[in-house]
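S.K.: return a 3D structure for these sequence lines:
(one chain, ligands or ions: 2)
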Amino acid sequence: MTIKFGLIGGGVMGEALLSRLIARGIYQSSEVIVSEPLSSRLDFLKQQYGVAVTTDNSQVFTEAKEVLFLAVKPQVFSAIAQELANIDILNREHSPLIISILAGVPLSQLEAAFGQLPVIRAMPNTPATVGAGVTAICSGAYTSPKHHQIAQQIFSAVGEVVEVSEGLMDAVTGLSGSGPAYVALLVEALADGGVSAGLPRAIANQLALQTVLGTAKLLHETKMHPAELKDRVTSPGGTTIAGIAKLEKAGFRSALIEAVKAATERSQELGK
Ligand SMILES: NC(=O)C1=CN([C@@H]2O[C@H](COP(=O)(O)OP(=O)(O)OC[C@H]3O[C@@H](n4cnc5c(N)ncnc54)[C@H](O)[C@@H]3O)[C@@H](O)[C@H]2O)C=CC1
Ligand SMILES: O=C(O)[C@@H]1CCC=N1
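M.R.: Ligands and ions are numbered 1, 2, ... in the order given. Alright, predicted model coming up:
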């Protein structure tokens, strides 16, 4: 069977994408090869998903006919680019589309590393694992509508897809890329608040999680503005306004705004 999809880096995000692509039948296990330095991860991915595995990134690059998917940390990108630099890419019968989910690494750097191959830069997030992710994509100079369609199909398998200009990718990273961690912190802190107010831990966890999930679902399904929902919950002289007053005093909104800005700036730094 032809190898269509090559994955370099079988960690959290690599596995999230891989698992959904196989489950949705976008690629068969026999069409996928993964490279990873950690033998424990390789054994796991091979056993769990039935894919071919290797420690040799150049093998993945050479064999992948349709997509080479980069899911390593940005800090190891230059080492990988050097490793792949000697492979004769331009004279290949099938040049793969390079898809990178590396935070911060710009299209210019990716295109320089891969000659004139088509590159799509993407920023997914961890809810991709359960098909509830959101991914922003932007296309490089050598891509065609066909490449665009392939990337749409891949990321649609793990959630929603939006297209942005490359100048916005760091901001996307600061918001939706990093966002699941902020929301997880919110859920944990809400539950801690419940425990502090006397609730048993298990019940506090359930209430906190379902409140966040339910609120997101309500906003999503009704398209209600968040401010309107806040107003609907907030009775005059009631409990909610007492809670909101504390959040405002503690700088809740500005803490989130600053978090997104700091993560955006860090993404910009990673690309330098
Ligand atoms: N974790 C997240 O929420 C998100 C991460 N990203 C991006 O995805 C990329 C991967 O992040 P994670 O999956 O969280 O990291 P991770 O650490 O879970 O996975 C990276 C994998 O790459 C492997 N690796 C290290 N050196 C390698 C090499 N030379 N060749 C091949 N594989 C190598 C590691 O062993 C590891 O399994 C990063 O660039 C990150 O910016 C993007 C969106 C969300
Ligand atoms: O923390 C990071 O650098 C990566 C990028 C977006 C989410 N995690």
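S.K.: list the contacts of the residue lying closest to A52 once chain neighbours are set aside.
M.R.: Nearest residue to A52, sequence neighbours excluded (CB to CB, 6 or more residues apart in numbering): I33, at 4.3 Å. Quick note: C-beta positions are derived from backbone N, CA and C, even for glycine. Contacts of I33 were listed using CB atoms under 8 Å, 6 or more residues apart in numbering, and they are 3, 5-7, 51-54, 59-60, 63-64.
S.K.: for R253, list the residues it contacts.
M.R.: So R253 contacts L247 (CB under 8 Å, 6+ apart).
S.K.: mind checking the backbone torsions on Q75?
M.R.: When quoted as degrees, to the nearest 10, the phi and psi of Q75 stand at phi -70, psi -20.
S.K.: state the number of residues packed around the residue in the chain that ligand 2 sits nearest to.
M.R.: Taking CB to the nearest ligand atom as the measure, the chain has G177 as its residue closest to ligand 2, at 3.3 Å. G177: 25 surrounding residues under other CB atoms under 10 Å.
S.K.: list the residues that contact the closest residue to ligand 1 within the stretch 51-200 of the chain.
M.R.: Per CB to the nearest ligand atom, A103 is where the stretch 51-200 of the chain lies closest to ligand 1, at 3.3 Å. Applying CB under 8 Å, 6+ apart, we find A103 in contact with 74, 123, 173, 177, 267, 270.
S.K.: which among those are in contact with ligand 1?
M.R.: Among the contacts of A103, the ones lying near ligand 1 by CB under 6 Å from any ligand atom are 74, 123, 177.
S.K.: right, and E66 touches V32 too?
M.R.: No. Contact status for E66 versus V32: not in contact, 10.4 Å apart, counting by CB atoms under 8 Å.
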